[in-house]
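Peer 1: okay, predicted coordinates and the sequence, questions at the end:
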Amino acid sequence: MSKTHTDSPKNNGRTIWAAGGVLWRRDGEAVRIGLVHRPRYDDWTLPKGKQDPGETLIATAVRELAEETGHAVRLGRHLTKVSYDLANGRKHVRYWSAEAVGGEFEPNHEVDVLEWFDIESAQARLSYRLDRKVLHEFTRLPLDLTPLLLVRHAMAGRRSRYKGDDRTRPLDKTGRRQAQALVPILSAFGVSALSAADRVRCVQTLEPAAAALGVGIGSEPTLSEEAYRDEPGPGRDRIVELAGTDDGVVRAVCSQGKVIPPLLDWWSERDGVTVPAARNRKGSIWVLFTSGGRLQAADHIESPLPHEAD
C-alpha cells in the first residue's frame, strides 16, 4: 500500500493532530515491539502525542517517541492514519514504522513502563482496536526494505525571469527555507548520503543537509531533465543502482520536475507497485522502499514546510 500525505495537516478548531509510531528493534532474529503503559488510563498503547505549533508530523513522531520511550528512532514506512472522537473534538493520528537506534527508557509523567513484546504478544497486549490495526499494517511488508528519498528541488523562481544559463539558476528565498526544512526530515529517515542532478538548484536544495551531516553531495548527471529527456535509460539504471546498493546507507537524491514523475511511472509499472497521485511540488519528497533495487512501496510528502498543507 502506497500513501501520500501532507506532512503537517492544518489544526482547525476542534480537529487535533498527533503522530507516533510502531517502535521496534531486533533481538537476534526476532523483532520486538515497544509498547507503553500509561498510568493515567491504565492502558497499553503505541507511543504517540500531539503536534506542536509550527511542527511537521514527522517531527512530532520523532519527538513524541523520544519523550515517551527515551529512544531515538529511524523512521520507515508511513503506516496509516487513524481517527477517533474525543470529548473536545476529533483526533487524527499518523503512524510510522520507527526503528529504535539508541536511548534508554526512564519513567515519566505520561508513561511508567516501556515493555518489549514479540508481534503476536504485542497484538494481544494492546488495549485498542485501532492500535492493533496499525500494528497489522506494520507487519504487511518486510522490515528489511531500503528507503531511498527522492526530492524535487526547492523553489528557484521562474525560468523565464532568470538571465543566464538555466543550469546555474539558484534557489530563491522560499527555496532556501524549504532546503533548510528538509534537514530534520532527511534526518528522521536516517539519511547519510546525498547526491543531486548537476544543476545548481538541485545541489543547493541538499546543501543544508550536507552541512548538518558533514558529507559531500555526489553528482547525478543522468538525472537532469535534459539527460533524462534525451535518454531515460541511464537515469533509470542509476536510480535502481542507488536503491539496490546493499550497504545499509540511506540515500537522498535531488532531481527535477520532468524527471521524477516519468521515472516513478516507469519504476512502479516495472515492479507492479501503485504509487499515490501527487502534484510533485517543488521541495516535495518521495520516500521509496526497495528490496534488491525493486520498488515495494512509496510514500509522498507534499512539502517540508509545516504550514504548507491542504
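Peer 2: Perfect, I can see it now.
Peer 1: count the residues that sit near E207.
Peer 2: Applying other Cβ atoms under 10 Å, we find 17 residues neighbouring E207. Any C-beta I mention is one placed from the backbone N, CA and C, and that applies to glycine too.
Peer 1: that one: what's it in contact with?
Peer 2: Applying Cβ atoms under 8 Å, 6 or more residues apart in numbering, one finds that E207 lies in contact with A179, I217.
Peer 1: contacts only, for I33.
Peer 2: Contact partners of I33, counting by Cβ under 8 Å, 6+ apart, are V22, L23, W24, W116, F117, D118, I119, A122, L135.
Peer 1: what about E67, which SS state?
Peer 2: Using DSSP: H, G, I helix; E, B strand; the rest coil, the three-state assignment for E67 comes out as helix.
Peer 1: and which of the contacts of I33 is nearest I285?
Peer 2: Within the set of the contacts of I33, V22 lies nearest I285; the separation is 21.0 Å, counting by Cβ to Cβ.
Peer 1: ok, the strand or helix carrying P147: who's next to it in the sheet?
Peer 2: Mapping P147 onto the secondary structure by DSSP states H and E places it in strand 146-152. Using DSSP bridges, the strands paired with strand 146-152 are strand 250-255 (parallel), strand 285-291 (antiparallel).
Peer 1: gap between the shortest one and the chain center?
Peer 2: The one in question is strand 250-255. If you compare the mean C-alpha spot of strand 250-255 with that of the full chain, they lie 12 Å apart, counting by Cα atoms, centre = their mean, to the nearest Å.
Peer 1: give me the contacts around it.
Peer 2: Under the contact criterion Cβ under 8 Å, 6+ apart, strand 250-255 has outside partners 74, 146-153, 186, 189-197, 202-203, 205-206, 209, 220, 223-224, 239, 242-243, 245, 263.
Peer 1: do the same with the last one
Peer 2: Applying Cβ under 8 Å, 6+ apart, the contact partners of strand 285-291 are 76-78, 141-142, 144-152, 182, 185, 189, 243-244, 260, 264, 275, 278, 295-301, 304.
Peer 1: re the thing from before, now the contacts of I33: which count as buried?
Peer 2: Neighbour-count burial (16 or more other Cβ atoms under 10 Å) is assigned, among those, to V22, L23, W24, W116, F117, I119, A122, L135.
Peer 1: now the third one: how far from A209?
Peer 2: Per Cβ to Cβ, to the nearest Å, W24 is found 26 Å from A209.
Peer 1: next one: phi and psi at V273?
Peer 2: When read as degrees, to the nearest 10, the backbone of V273 gives phi -120, psi 130.
Peer 1: that one reaches Q296, doesn't it?
Peer 2: Yes: counting by Cβ atoms under 8 Å, V273 touches Q296, with 6.5 Å between them.
Peer 1: by mean pLDDT, which helix or strand of this structure comes out lowest?
Peer 2: Confidence across the helices and strands of the chain bottoms out at strand 3-5, with a mean of 62, counting by mean pLDDT, DSSP states H and E.
Peer 1: going on from it, what's the next piece of helix or strand?
Peer 2: Tracing the chain C-terminally past strand 3-5 and defining elements by DSSP H and E, one meets strand 15-27 next.
Peer 1: direction included, what does that next one pair up with?
Peer 2: The strands beside strand 15-27 in its sheet (DSSP bridges) come out as strand 30-38 (antiparallel), strand 48-50 (antiparallel), strand 89-103 (parallel).
Peer 1: centre of the chain to the last one, how far?
Peer 2: From the chain centre to the centre of strand 89-103 is a distance of 12 Å (Cα atoms, centre = their mean).
Peer 1: mind checking what helix or strand follows it in sequence?
Peer 2: Note on strand 89-103: by DSSP H and E, the next helix or strand toward the C-terminus is strand 113-117.
Peer 1: report the rounded mean pLDDT for whichever helix or strand comes after that following strand.
Peer 2: The element immediately downstream of strand 113-117 (helix or strand, assigned by DSSP H and E) is helix 119-125. Taken as a whole, helix 119-125 has a mean pLDDT of 98.
Peer 1: list the buried residues of the helix or strand following helix 119-125.
Peer 2: Toward the C-terminal end, the helix or strand that comes next after helix 119-125 (DSSP H and E) is helix 129-138. Taking 16+ other Cβ under 10 Å as the neighbour-count basis, helix 129-138 is seen to contain the buried residues L130, D131, V134, L135, E137, F138.
Peer 1: out of the contacts of strand 250-255, which end up buried?
Peer 2: In the contacts of strand 250-255, burial by neighbour count holds for 74, 146-153, 186, 189-197, 202-203, 205-206, 209, 220, 223-224, 239, 242-243, 263, counting by 16+ other Cβ under 10 Å.
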